[in-house]
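Q: Here is a sequence with its predicted model. Questions after.
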Amino acid sequence: DRVFSDLTDALQRINPKPLEPRVRNLRDALDDDIFFIEIMRDASWILSSTCLVICLMGIWSTIALDTRSRQKEVALRKIHGAKRWDIILLFGRLYLWLIGIAAIVSAPLIVLFNILLKDWARSNFFLGVAELLSPTLPILGALLLTALIILLIVGYHLHQVLRVKPAAMIAKE
């Protein structure tokens, strides 16, 4: 006891302010890491939703402008005997090309992001998480979601264009 009190007195003369213990247990460290991962997940959902809404608005306005500006062309094609399927293919080919280009551009970016995420997980000792991450599902999900959104928007606007009577369109011009 005497040695301990002498040591305490010597330490107080060197540093009169008491030191806080810096001991952390594993549970506290993991709680901080899990909290950080949950924040990142929530932020990624918010940013993804915002990006999706902005993309939807851009796709909607582009397709609306394209279909409205080509109403006269559609009317003339209907007068000359074009079937519904011919008009659908007229617009569909363009947007299928756009879906293909989006797939070609986005797939390598998703794979690169996945590689970076795996490296980050390994460097932070999340080995189990690093092995579960596969880029296949995000690539397929993004492509299917993009294709579905574009097809729904194109279908809606094509329905609006196909409802226009050719005689009324020509008379208006």
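A: Thanks, I have the structure now.
Q: low-scoring stretches of the protein, by residue?
A: Applying pLDDT under 70 to the chain flags residues 16-24, 124-135, 173.
Q: ok, now with 90
A: For the chain, the stretches with pLDDT under 90 are 1-38, 40-41, 44-45, 48-49, 51-53, 55-173.
Q: next one: the longest helix seen in the chain to chain centre, how far?
A: Counting residues, the longest helix found in the chain (DSSP state H) is helix 26-69. In terms of Cα atoms, centre = their mean, to the nearest Å, the centre of helix 26-69 is set 5 Å apart from its chain centre.
Q: Quick one: classify G81 as helix, strand or coil.
A: Using DSSP: H, G, I helix; E, B strand; the rest coil, the three-state assignment for G81 comes out as coil.
Q: count of neighbours near it?
A: Neighbourhood size, G81 [other Cβ atoms under 10 Å]: 7. Quick note: C-beta positions are derived from backbone N, CA and C, even for glycine.
Q: L65 now?
A: 11.
Q: just the one 3 residues further on next, same as before
A: R68 has 13 neighbouring residues, counting by other Cβ under 10 Å.
Q: Distance of it relative to V74?
A: Look at R68 and V74: by Cβ to Cβ, to the nearest Å, they are 10 Å apart.
Q: Pull up the overlap in contacts between these two.
A: Any residue near both R68 and V74 by Cβ atoms under 8 Å, 6 or more residues apart in numbering counts here, and that gives V161.
Q: quick one: the helix or strand harbouring I99 to helix 26-69, angle?
A: Using DSSP states H and E, I99 maps to helix 84-123. Here helix 84-123 runs at an angle of 160 degrees relative to helix 26-69 (axes from the mean of the first three to the mean of the last three Cα atoms, to 10 degrees).
Q: Helix 84-123 - contacts with which helices or strands?
A: Contact partners of helix 84-123 among helices and strands, from 3 or more Cβ pairs under 8 Å, 6 or more residues apart in numbering; DSSP states H and E: helix 26-69, helix 71-79, helix 127-132, helix 136-162.
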